[in-house]
Structure formats: structure tokens, C-alpha cells
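Asks: Pasting the sequence and the predicted model now:
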Amino acid sequence: MSLLANIVGFSLFGLAARVGQLGIQKRNPLENPAGHALAMGVFGFIGYWAYHWDQRAAVLLQEKRAEIAERRAKAE
């Protein structure tokens, strides 16, 4: 998944969470657009962080698999 898709997806989830929050409180969903932007920004940053965390985890797993394969080759 691309970085942009990850950020946009998390941002849209943040917008949905904000609208859901206002719906539970029975407030006008269009009342405070700055609150929507803040929620989207925070969730977008979480998406950015999750993307990079996933990329780093994939590298670590690849290194660990190579290390295990090397140990198995030595043992034989």
C-alpha cells in the first residue's frame, strides 16, 4: 500500500470518527470545521507513522529470515 493511500485512508477514518463523535453528542456535524481538520491531521499522522513502521518491520523480518537461513545452512 502506498504512503499516500495510507495517510488518506487514516484521515478519512479520523473524519468519520469526528462526525460519529458529534452524532453521539447530537451536535451539528458541520459546526466546527477546525475540529474536523485536527482529527484528520492527527489520524493522517498516525497513518504516516503506521506506514513507516510497517516498512521497518518488513526489513527487520527480511533480515531475521536471512539470518535463520544462514544458520540452517551452517548446521547442515
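Replies: Received, thanks.
Asks: Tell me how far the residue nearest the centre of the chain lies from P33.
Replies: Residue closest to the average C-alpha location in the chain (C-alpha atoms, centre = their mean): G47, at 2.7 Å. Taking C-beta to C-beta, to the nearest Å as the measure, G47 falls 20 Å from P33. From N, CA and C alone the C-beta is placed, and that goes for glycine too.
Asks: returning to that earlier point: let me see the contact set for the residue nearest to the centre of the chain.
Replies: G47 makes contact with N6, I7, V8, G9, F10, S11 under the criterion C-beta atoms under 8 Å, 6 or more residues apart in numbering.
Asks: R27 is in what secondary structure piece?
Replies: Taking DSSP states H and E as the definition, R27 sits outside all helices and strands.
Asks: L15 versus that one, what's the distance?
Replies: 15 Å.
Asks: Compare the two and say which is more crowded by neighbours.
Replies: Shown here are R27 and L15; by other C-beta atoms under 10 Å, L15 has more neighbours (17 against 11).
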